[in-house]
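**Q** Here you go, sequence then predicted model.
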Amino acid sequence: MTSHTQTMRAAVLGSYGEPLDVANVPRPVAGPGQILVRLQACGVCHTDVHIWRGESVPPHAPSPFVMGHEGVGRVEAIGEGVSNWSLGDRAGVPWIHDTCCHCDECLDGYESFCQHHRAHGLNVPGAFAEYVVCDARFAVALPETIDPVTTAPVMCAGITAYGAVKRAGLKAGDSAIVFGCGGLGLYAVQIASRLGVKVLAVDRDPAKLDIARRYGAAETEIADTGLPSRLAARDNKYHACINFAPTTATWDAMVAGIRPRGRIIAAAMVFQPVPLIQEWLTATGVVITGTSVGTRQEMRELVAMHAEQPLETTVETIRLDDVSAALATLERGQSKGRFVISFTG
């Protein structure tokens, strides 16, 4: 490192499962087609926990590495060939850094399913730092009216929830069950409700169901062993079941609650086989589909919705030095909302 090298503070992953090292590291430089974003805020996502634990391993492992993919900041520098950004523009840093842009998924506008996409904080350095480099095509244009701290989780949790609601094909007057009222599920409750969908929110925690009602859920149910029977007894089943709960236990309830030709959206990371009988699929015509984050078009739609009326979430603002503690709290399932690093406080 020369005396001319500019540095920044970053929370660096050195060993999996160990506290991140907050240190001065070289500041990245925007290359061709890229922008350099100075962060104002960055959310801490449960996917970061998987990366921190070594369950989702960066391809350049072993570490050191900078995680983080829920960033909001301003454009500090612009690389060669970039014409759609100006210095000082507010920019969002999403999960997707870039994609191949030529596979069928990319060409059809579903680039979030590109099997060659690269992610901030996994394949390329992320936003647990004062600066991050983004592909100018995939960074998110944000209006001046938004609050950086409350908007940061929208860059991943929000767009994942929005994408799940879109995959369900819901329209005003339809009905849906949202399983799991953590950060993603509560975003989905708000998004679906704003679209005119009647939402049944399901969770084990009565306090989260109270929040879901405040956010627009028409009704709620406790997730217990009797839930499948209660749903099966209902005369009117649901157009969609959207699962954000990372467990196979939701599947009996989803099968009981979905109507013929309905859609089950698998949005949670569940690594075990799920209990499903193929004959039931042939008899009902139910469609099961997975989802992961959302497309750039969906992000534009979500940002417009959020700018018009901010999506609500419980935020605990932390410092960069607090990221390790936040990851440990998320791992234990003890978070009360979304942790967001503030770089301006």
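**A** Thanks, I have the structure now.
**Q** And stretch 93-104, end to end?
**A** 24 Å (Cα to Cα, to the nearest Å).
**Q** for it, which positions count as buried?
**A** 93-99, 103 (16 or more other Cβ atoms under 10 Å). C-betas here are computed from N, CA, C, even on glycine.
**Q** from those, which single one is nearest residue 205?
**A** residue 95 (26.4 Å; Cβ to Cβ).
**Q** ok, the nearest residue to that closest one once chain neighbours are set aside - how many residues close by?
**A** Nearest residue to residue 95, sequence neighbours excluded (Cβ to Cβ, 6 or more residues apart in numbering): residue 69, at 4.6 Å. Counted with other Cβ atoms under 10 Å, the neighbours of residue 69 add up to 28.
**Q** mind listing the helices for the stretch 151-300 of the chain?
**A** 157-167, 183-194, 206-214, 227-232, 250-257, 278-284, 296-308 (DSSP state H, counting those that start in this stretch).
**Q** Now render those as TSV, adding mean neighbour count.
**A** Below are those laid out as TSV (neighbours: other Cβ atoms under 10 Å):
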stretch	mean neighbour count
helix 157-167	27
helix 183-194	27
helix 206-214	16
helix 227-232	16
helix 250-257	23
helix 278-284	10
helix 296-308	17
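**Q** Nearest to residue 75, out of those helices?
**A** helix 296-308 (16.1 Å).
**Q** what ranges do the strands span in the stretch 201-345 of the chain?
**A** Taking DSSP state E, counting those that start in this stretch as the test, the strands found in the stretch 201-345 of the chain are 219-222, 238-243, 258-266, 287-290, 315-318, 338-342.
**Q** winner for burial among the ones you listed?
**A** strand 238-243 (a mean of 26; mean count of other Cβ atoms under 10 Å).
**Q** So, low pLDDT: which residues of this protein?
**A** In the predicted model of the chain, residues 1-4, 57-63, 345 satisfy pLDDT under 70.
**Q** how close does residue 253 get to residue 148?
**A** Residue 253 sits at a distance of 37 Å from residue 148 (criterion: Cβ to Cβ, to the nearest Å).
**Q** Let me fix that, I meant to ask about residue 254.
**A** Going from residue 254 to residue 148 by Cβ to Cβ gives 36 Å.
**Q** Same check on residue 190?
**A** On the measure of Cβ to Cβ, residue 190 and residue 148 end up 20 Å apart.
**Q** same deal with residue 46?
**A** The value you get for residue 46 to residue 148, if Cβ to Cβ is used, is 21 Å.
**Q** What of residue 326?
**A** Counting by Cβ to Cβ - residue 326 and residue 148 are separated by 17 Å.
**Q** Adding distance to residue 144 as columns, could you present the helices of the stretch 151-300 of the chain in a markdown table?
**A** Supplementary listing: the helices of the stretch 151-300 of the chain in a markdown table, determined by distance: least, Cβ to Cβ, whole Å:
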| stretch | distance to residue 144 |
| --- | --- |
| helix 157-167 | 19 |
| helix 183-194 | 22 |
| helix 206-214 | 28 |
| helix 227-232 | 44 |
| helix 250-257 | 40 |
| helix 278-284 | 48 |
| helix 296-308 | 10 |
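**Q** Which among those helices is found nearest to residue 74?
**A** Using Cβ to Cβ, those put helix 296-308 closest to residue 74, at 15.8 Å.
**Q** Count the neighbours of the closest residue to residue 208 other than its chain neighbours for me.
**A** In this structure, residue 208 finds its nearest non-sequential neighbour in residue 181, 4.0 Å apart by Cβ to Cβ, 6+ apart. Neighbour count of residue 181, defined by other Cβ under 10 Å: 28.
**Q** what about residue 181, distance to residue 207?
**A** Counting by Cβ to Cβ, the gap from residue 181 to residue 207 is 9 Å.
**Q** Repeat that for residue 124.
**A** 38 Å.
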